[in-house]
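> kindly return the folded structure for what I paste below:
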Amino acid sequence: MASFKGFKDELSWILALAAFLLSGASFYVSYFYKSQELDIQVTSVSFNTNQGELYMTVAFSNGGNRDAALLRVEPALWSQRKDAASPDWKALDTKVDKDVPLADPKVPATVKAGGVEVIRLAAKLTADDAEAAAHATKEGAYLGVTIASMNSDGNLYLVQHPVARLTLDAAGHIKGAQATIHRSLAGFSNTEAGPPGDQMQENEKTPFVWADQHN
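Okay, the predicted model is just below:
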């Protein structure tokens, strides 16, 4: 009987110690240990060519234990500006309709620690402007995404990457589109990538991409 009581007391002590250690570990993770992680994945791109409407969906996954801030999330067109020495990404910031927001939900936005946020983008892009932009590469018009983010330390990051190429026919009119990104992007990094994209094979991270033919 005495040995059973001793075993019971010892077990209670072990459980109390384990609870104390678990509480200490939880306190350390919550207040001292810092993990900053933000993944970006473009999930879909569609271009209603003859209506001049571009739609894009971008998913943000925060795998860290600190909140992340999204400062800008915009679709972009690779084009040559007047008086510019070389082409670059031009943000598309004209609404398709006064009642349709450029970003839904609105940006700036917060991606909570351990959470996921999906941003739906909608912007005006005429077929004429898209086809004119094809002269910047001679391979077609490239659509991309521009994302500015900030981590909990206040560090700022800018990611720019092509996500789709509008293919042209012999007459220079849009005939379709294909994905140029097949991976997630690190949100807390500075990535300024131009065409042609990441050159990887299609996989489960390749976004759905569609554009109708320009008649």
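> least trustworthy helix or strand in the chain by mean pLDDT?
Using mean pLDDT, DSSP states H and E, the weakest-scoring helix or strand in the chain turns out to be helix 2-31, at a mean of 59.
> packing partners for the helix or strand following it?
Sequence order places strand 38-48 as the next helix or strand after helix 2-31, per DSSP states H and E. In this structure, strand 38-48 packs against strand 53-62, strand 141-150, strand 156-168, strand 174-179, strand 185-186, strand 208-211, with contacts taken as 3 or more Cβ pairs under 8 Å, 6 or more residues apart in numbering; DSSP states H and E. Any C-beta I mention is one placed from the backbone N, CA and C, and that applies to glycine too.
> quick one: the third one to strand 141-150, angle?
With axes from the mean of the first three to the mean of the last three Cα atoms, to 10 degrees applied, the angle from strand 156-168 to strand 141-150 works out at 170 degrees.
> buried set for strand 156-168?
Using 16 or more other Cβ atoms under 10 Å as the test for burial, strand 156-168 gives Y157, V159, Q160, H161, P162, V163, A164, R165, L166, T167, L168.
> same question, the last one
With burial defined by 16+ other Cβ under 10 Å, the residues of strand 208-211 counted as buried are V209, A211.
> so, low pLDDT: which residues of the chain?
The model of the chain has pLDDT under 70 over residues 1-33.
> please name the bridge partners of the residue nearest the centre of it.
Centroid check for the chain by Cα atoms, centre = their mean gives I40 as the closest residue, at 3.3 Å. Counting by DSSP bridges, I40 forms beta bridges with F60, L185.
> okay, now the domains of this structure?
1-33, 38-211 (automatic domain parsing).
> ok, N155 - contacts?
Counting by Cβ atoms under 8 Å, 6 or more residues apart in numbering, N155 touches F188.
> tell me how far S184 lies from D169.
33 Å (Cβ to Cβ, to the nearest Å).
> same thing with W78?
Distance, W78 to D169, using Cβ to Cβ: 19 Å.
> same question, V42
25 Å.
> more neighbours: these two, which one.
Comparing V42 with D169 by other Cβ atoms under 10 Å, the one with more neighbours is V42, at 30 against 11.
> just to check, the more buried one is in contact with V58?
Yes - V42 is within contact range of V58, at 5.4 Å (criterion: Cβ atoms under 8 Å).
> what do the two both touch?
With Cβ under 8 Å, 6+ apart, V42 and V58 have common neighbours V145.
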